[in-house]
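Participant: sequence first, then the predicted structure:
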Amino acid sequence: MQLPLAERLRPHSLEQYIGQQHLVGPEAIIRRMIESGNIASFILWGPPGVGKTTLARIVANTAGVPFYTLSAVHSGVKDVREVLDKCKHDACSMFSAGRPILFIDEIHRFNKSQQDSLLGAVENGTVTLIGATTENPSFEVIRPLLSRAQVYTLSPLGAEDLTVLLNRAVTEDPVLKEREIKIEETDALFRYSGGDARKLLNILDLLEQSTPENTPIIITDRIITERLQKNPAAYDKNGEMHYDIISAFIKSVRGSDPDAAVYWLARMIEGGEEPEFIARRLLILAAEDIGLANPNALLLANATFDAIHKIGWPEGRIPLAECTVYLATSPKSNTAYMAVNSALELVRATGNCPVPLHLRNAPTELMKKMNYGTDYKYAHDYPGHFVRQQFMPGELGHPTFWHPADNPAEQKAAQLQQQRWGTPSKD
């Protein structure tokens, strides 16, 4: 049986690896790990088909250490313990070339007890953990494990990377290089691939298998579209849902179109999207795009996230729809989002400015003698529970990060700030 094209072309070295130059390029962190032979535990976070599993295998192969793999979909605590026992045996062996690597695919699917079972082995150096996840580790990986493993983000492949992959496939694959291939247009091929290398190679596989042997394989936008419409399962449908449709969903909510938002929600539900993923996007939307114009939006989005964990499918569609309509019809503001981004820019530009002495805590006599906390004014001792004083580092003055939007909630807050500080800049 012929292997799929994606397996036939799987890279075995960093020189063959395409994309993610911020991790594997010259002087990049994972390349430095490999070259030094000092492999630390890490988690690879990124969408499907961007090279997470491949990169883990390259790290293990280059390091020349025992390599074990588990799928979180099919493995339980017992499987984890059995593999850790093997790793411990390898680590103690006099013939061991180094600390074994345990690769866990879809680590976000491990529950708390399964993740807890990894902690000791990672902590004492029995094993180097490499995890792969398509979901935000901050939500899905327990904090003790996150503190022991650095998270590296992988991005969808761009057009340049996909072009390299396409050219490699048609010139190096033993099957395709025997066929006459005419590449006339790539827009549709790259669009349907969605930055997913596996998806692009699956589409090429489909074209090769559906084209008679003595007929040239022609790649045009029309041919790609026609073949994929006739063979909807030939490429990763969930991947298309995951990126194209979630983008349409987000933009429909942001654009205050509840009907379009519910339509895209239904597309995701019907396509098998995980409810937690949709709920997380609603949480982000509530904070980023509705924000201070309607702070209750964040409360409802958080309650929606809790609700789907309690009731699951199919009823979970109801709170998701309720939250979607509520956010789409809410007034919009991104001033909090813009404010923190502006503040981050200043922090990165100015470094660690010292905290003013009057704002510092003084739990010891030495700190009191050094004037920590001296001259601090306790706001509740003053009329209106407010008194003017300096809260920013002195050398920064009073930069303004928050600029209120033109909605009733923020205009009311802005008027109160005007009464307190006299001017929007607090000078």
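Facilitator: The structure has been received and is ready for your questions. What you are looking at is a predicted structure, and each value in this text was computed from that prediction instead of being measured.
Participant: residues near residue 197, how many?
Facilitator: Neighbour count of residue 197, defined by other C-beta atoms under 10 Å: 26. The way it works is simple: take the backbone N, C-alpha and C, and place the C-beta from them, glycine included.
Participant: that one contacts residue 52, doesn't it?
Facilitator: No: if you go by C-beta atoms under 8 Å, residue 197 and residue 52 don't touch, sitting 10.9 Å apart.
Participant: next one: the residue of the chain positioned farthest from its centre from residue 356, what distance?
Facilitator: The C-alpha centroid of the chain is most remote from residue 369, which lies 47.0 Å away (C-alpha atoms, centre = their mean). For residue 369, the distance to residue 356 (C-beta to C-beta, to the nearest Å) stands at 17 Å.
Participant: so the nearest residue to residue 288 once chain neighbours are set aside is in which element?
Facilitator: Closest residue in space to residue 288, ignoring its immediate chain neighbours: residue 337 at 4.7 Å, by C-beta to C-beta, 6 or more residues apart in numbering. Under the criterion of DSSP states H and E, residue 337 resides in helix 335-350.
Participant: got the CA positions of that helix in CSV?
Facilitator: Extracted in CSV, the C-alpha atoms of helix 335-350 (Å, rounded to 0.1, in the frame of the first residue of the first chain):
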residue,chain,number,x,y,z
THR,A,335,-10.3,50.8,24.0
ALA,A,336,-9.1,48.4,26.7
TYR,A,337,-7.4,46.3,24.1
MET,A,338,-5.7,49.3,22.5
ALA,A,339,-4.7,50.7,26.0
VAL,A,340,-2.8,47.6,27.1
ASN,A,341,-1.1,47.4,23.7
SER,A,342,0.1,51.0,24.0
ALA,A,343,1.2,50.4,27.6
LEU,A,344,3.2,47.3,26.5
GLU,A,345,4.9,49.3,23.8
LEU,A,346,6.0,51.9,26.4
VAL,A,347,7.2,49.2,28.8
ARG,A,348,9.3,47.6,26.1
ALA,A,349,10.8,51.0,25.1
THR,A,350,11.5,52.2,28.6
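Participant: elements contacting whichever helix or strand comes after it?
Facilitator: With elements assigned by DSSP H and E, the helix or strand that comes after helix 335-350 is helix 365-369. On a contact count with 3 or more C-beta pairs under 8 Å, 6 or more residues apart in numbering; DSSP states H and E, helix 365-369 meets no helix or strand.
Participant: what lies in contact with helix 365-369?
Facilitator: With contact meaning C-beta atoms under 8 Å, 6 or more residues apart in numbering, helix 365-369 is reached by 360-362, 373-374.
Participant: got it, and stretch 284-301?
Facilitator: In contact with stretch 284-301 (C-beta under 8 Å, 6+ apart) are residues 250, 253-254, 279, 282-283, 302, 322-323, 326-327, 330-337, 404-405, 407, 409-410, 413.
Participant: cool, and stretch 75-94?
Facilitator: Against stretch 75-94 from outside (C-beta under 8 Å, 6+ apart): 66, 68, 70, 96, 99-100, 102, 104, 113-114, 117-118, 121, 125-127.
Participant: next, give me the two most distant ones among those residues.
Facilitator: 96 and 113 (28.8 Å; C-beta to C-beta).
Participant: now the buried members of the contacts of stretch 284-301.
Facilitator: Neighbour-count burial (16 or more other C-beta atoms under 10 Å) applied to the contacts of stretch 284-301 gives 250, 253-254, 279, 282-283, 302, 323, 326-327, 330-336, 404-405, 407, 409-410.
Participant: narrow these to those in strands?
Facilitator: Among the buried ones among the contacts of stretch 284-301, DSSP state E puts none in strands.
Participant: how much space between residue 249 and residue 296?
Facilitator: For residue 249, the distance to residue 296 - C-beta to C-beta - is 21 Å.
Participant: check residue 217 too.
Facilitator: For residue 217 relative to residue 296 (C-beta to C-beta), the value is 56 Å.
Participant: then residue 138?
Facilitator: 24 Å.
Participant: do residue 320 as well
Facilitator: The gap separating residue 320 from residue 296 is 17 Å, by C-beta to C-beta.
Participant: which of these two has more neighbours?
Facilitator: residue 320 (23 against 12).
Participant: so the more buried one makes contact with residue 282?
Facilitator: Yes: if you go by C-beta under 8 Å, residue 320 and residue 282 touch, sitting 7.3 Å apart.
Participant: joint contacts of the two?
Facilitator: Counting by C-beta under 8 Å, 6+ apart, the residues touching both residue 320 and residue 282 are residue 304.
Participant: so where's the stretch 1-150 of the chain shaky on pLDDT?
Facilitator: In the predicted model of the stretch 1-150 of the chain, residues 1, 73, 90-98 satisfy pLDDT under 70.
Participant: which residues of it fall in strands?
Facilitator: Applying DSSP state E, counting those that start in this stretch to the stretch 1-150 of the chain gives strands spanning 42-45, 67-71, 101-105, 128-133, 150-153.
Participant: angle of the third one against strand 67-71?
Facilitator: Angle between the axes of strand 101-105 and strand 67-71 is 20 degrees (criterion: axes from the mean of the first three to the mean of the last three C-alpha atoms, to 10 degrees).
Participant: buried set for strand 101-105?
Facilitator: 101-105.
Participant: what of the second one?
Facilitator: Neighbour-count burial for strand 67-71 flags 67-70 (criterion: 16+ other C-beta under 10 Å).
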